[in-house]
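S.K.: Could you look at this predicted model? Sequence included:
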Number of protein chains: 2
Amino acid sequence: MRLMLVGYGNVGKAFRKLLHEKKVNATISAIVTSRGVMFRDAEEFATEKRLTALEALEEVKPDVVVDMSVANYRDGEPSLSLYLRALSQGIHVITTNKSPLALKFQEIMDTAKRHNAKVGFQATVMSGTPSINLARVMPYVQTIRLRGILNGTTNYILTKMYEGLSYEEALKEAQAKGYAEANPELDVNGFDAAAKLAILANVYLKSRVTINDVKFTGIKGVTKEDIERAKRENSKVKLVAYADRNVIKVSPEMIRQGDELYNVDGVNNALQVETDVQKVTIIGPGAGPLNAAYGALSDLSLIINGAELL
Amino acid sequence: MRLMLVGYGNVGKAFRKLLHEKKVNATISAIVTSRGVMFRDAEEFATEKRLTALEALEEVKPDVVVDMSVANYRDGEPSLSLYLRALSQGIHVITTNKSPLALKFQEIMDTAKRHNAKVGFQATVMSGTPSINLARVMPYVQTIRLRGILNGTTNYILTKMYEGLSYEEALKEAQAKGYAEANPELDVNGFDAAAKLAILANVYLKSRVTINDVKFTGIKGVTKEDIERAKRENSKVKLVAYADRNVIKVSPEMIRQGDELYNVDGVNNALQVETDVQKVTIIGPGAGPLNAAYGALSDLSLIINGAELL
């Protein structure tokens, strides 16, 4: 498989490293960044030609586009157009960038289906922890509801608040440790979890929803008093993502001791899938360059082995 | 796909029901029990010819043998011979019976590989909860250690003991609810969990082990005092299965509040897979006819879709 990498930040570099370490049967034919394209596999990026990813696609004609660029929730561009162009040529797409899928899931999947191309997007939800790809090993079920902790930044902050820190102190610590960005707005207001929930709802509930359909509240309103009250009631406050056939929302909730989500602390994330057969919970790291890169790599393996479109 | 079902108890009946309800692209060509074979798909079994499963295999020539017969830990027979014969003819095998795999994992897989046949065995560990098949969506990793709660009967008994019951009272309640058999020996002495752990170690650690390599201690020695002491230390006693490259054992352990396994109660089971990339925990029901049948059905789906041999 010949890959074209788009975006070459921490995740892109971790992906390249993993690809070599794990001796995956694939080669990097080109790397594209905002500075242009490099038509070879090298650790250090150097512009060889000033092209956009869309232009590079035509020159490189890869088997798989691996998008590790930054999310753009306004319109999903330039990734969205890149995916549609690639898929319509039968080129597979793997992405760690959730904005195109959170906005245009159905259009992307329909295009893929029409041209017999695959879309791998494990890394868009819970990074390398099989949240999306778990669906591949749970066939034939009808999902009744989804419930999860999908954002590592807010879960870390809430964990630290449970340990006694104020919201501001916890946020600062999260930023110092690299778990929160300098501008943490999209994490703390619940938007990031909402984008992930929209993707999950499309996969598991077959809901044709976008990020715009998700009601979300973040954790900025959570006070020390809320945390203390929860503690007295043997509970913790968690930012819970919930979806069924009628409801799709993200909001802070009291999680009681005894609940499988109660001990999901720090940057760990979790997803519960309740189906007509059983309720399954998966817990694992929800962020990190290595984890996101691994999510993309596991998609690549599935594509190499001829997995079905989800 | 033409299926030959072997064993037609609660699991076999649940499997047949699911197969029809879910409109799976497969037909039951024969059902074999200790009473003989029936060469058609019907809810009620009626002997049409007195044949063993091995004899029926030659007459039916199915695409897939689905073994739902009872475990025989002495030598895995008659299932073991049936698998080897079927696989050597390129016939796939799906099983909910863990004894052949706990005894002869390597021989079965080698035979399958040589003849390009598949073995589906999700239901042998944690029933329909993807414990085995989770490995399919976590490729390229190196597993460092496995840790889990793999037996529903003992977990139910320990949960009830935590709530104040004695071992005898808890066992009686488990039997009344159908969670423990009249002879619960293989559950309470740790053997069942050990057999499952042997299978998991082969899959994840590539250890060439059998049930005979697992050191196991059951829960019969766990006293009310042990439970109370654990409680005082913010812990619960759980029957923990553990394996790494050097150790493979099942024993009662204190699990501290905060551990992902702490809230795995009742008949729920859990598996933690710690790899060079991440630690993932999956939690779900570990037993029940519908759940075991679903595990087999999910294997069938993977075989229909051309999944690789694990």
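M.R.: Received, thanks.
S.K.: Go through stretch A:126-139 and flag the buried ones.
M.R.: The neighbour-count check on stretch A:126-139 (16 or more other CB atoms under 10 Å in any protein chain shown) flags A:126-139 as buried. Bear in mind the C-beta positions are built from the backbone N, C-alpha and C, glycine included.
S.K.: Spell out which parts of the stretch 201-310 of chain A neighbour chain B.
M.R.: Counting by CB under 8 Å from any CB of the partner chain, the stretch 201-310 of chain A comes close to chain B at A:257-260, A:262-265, A:277-285, A:290-291, A:294, A:297-298, A:301-302, A:305-308.
S.K.: For ChimeraX, write the select line for the buried members of those.
M.R.: The ChimeraX selection below is limited to those of those classed as buried (16+ other CB under 10 Å):
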select /A:259,260,262,263,264,265,277,278,279,280,281,282,283,284,285,290,291,294,297,298,301,302,307
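S.K.: give me the number of residues near residue A:52?
M.R.: 15 (other CB atoms under 10 Å in any protein chain shown).
S.K.: Could you look up the SS state of residue A:107?
M.R.: Look at residue A:107: counting by DSSP: H, G, I helix; E, B strand; the rest coil, its state is helix.
S.K.: Of the buried residues of stretch A:126-139, which are in range of chain B?
M.R.: A:128-130, A:133-134, A:136-139.
S.K.: Select from the buried residues of stretch A:126-139 every entry located in strands.
M.R.: Assigned to strands by DSSP state E, none of the buried residues of stretch A:126-139 qualify.
S.K.: Taking those, tell me the two that lie furthest apart.
M.R.: Using CB to CB, the two most remote members of those are A:127 and A:139, lying 23.4 Å apart.
S.K.: from the middle of its chain, how far away would stretch A:123-141 be?
M.R.: Here the centre of stretch A:123-141 is set off from its chain's centre by 11 Å, with CA atoms, centre = their mean, to the nearest Å.
S.K.: now do the same end-to-end measure for that stretch.
M.R.: 23 Å (CA to CA, to the nearest Å).
S.K.: what does stretch A:119-136 give?
M.R.: Across stretch A:119-136, the terminal residues are separated by 13 Å (CA to CA).
S.K.: export stretch A:66-75 as PDB, just CAs?
M.R.: Extracted C-alpha coordinates of stretch A:66-75, given in PDB (Å, rounded to 0.1, in the frame of the first residue of the first chain):
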ATOM      1  CA  VAL A  66      -3.900   9.300   5.900                       C
ATOM      2  CA  ASP A  67      -5.200  12.600   7.200                       C
ATOM      3  CA  MET A  68      -3.600  13.800  10.400                       C
ATOM      4  CA  SER A  69      -4.200  17.500  10.000                       C
ATOM      5  CA  VAL A  70      -6.000  19.800  12.400                       C
ATOM      6  CA  ALA A  71      -9.700  19.800  12.800                       C
ATOM      7  CA  ASN A  72     -11.800  22.600  11.200                       C
ATOM      8  CA  TYR A  73     -15.300  22.600  12.500                       C
ATOM      9  CA  ARG A  74     -16.500  25.400  10.300                       C
ATOM     10  CA  ASP A  75     -16.800  23.300   7.200                       C
END
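S.K.: What residues of it count as buried?
M.R.: Within stretch A:66-75, the residues scored as buried using 16+ other CB under 10 Å are A:66-69, A:71, A:73.
S.K.: what mean pLDDT would you report for stretch A:166-183?
M.R.: For stretch A:166-183, mean pLDDT rounds to 93.
S.K.: contact partners of that stretch?
M.R.: With contacts defined as CB atoms under 8 Å, 6 or more residues apart in numbering or on different chains, stretch A:166-183 is touched by A:152-153, A:156-158, A:160-161, A:165, A:184, A:187-188, A:219-220, A:222-224, A:267, A:287.
S.K.: what about residue A:64, distance to residue A:28?
M.R.: Residue A:64 sits 10 Å away from residue A:28 when distances are taken as CB to CB, to the nearest Å.
S.K.: Touching both of these two, which residues are there?
M.R.: A:3-4.
S.K.: out of the two, which sits in the more crowded spot?
M.R.: Applying other CB under 10 Å to residue A:64 and residue A:28 shows that residue A:64 carries more neighbours, namely 24 against 21.
S.K.: Report the contact partners of that one.
M.R.: A:1-4, A:26, A:91-94, A:300, A:303.
S.K.: Sweet, I'm off.
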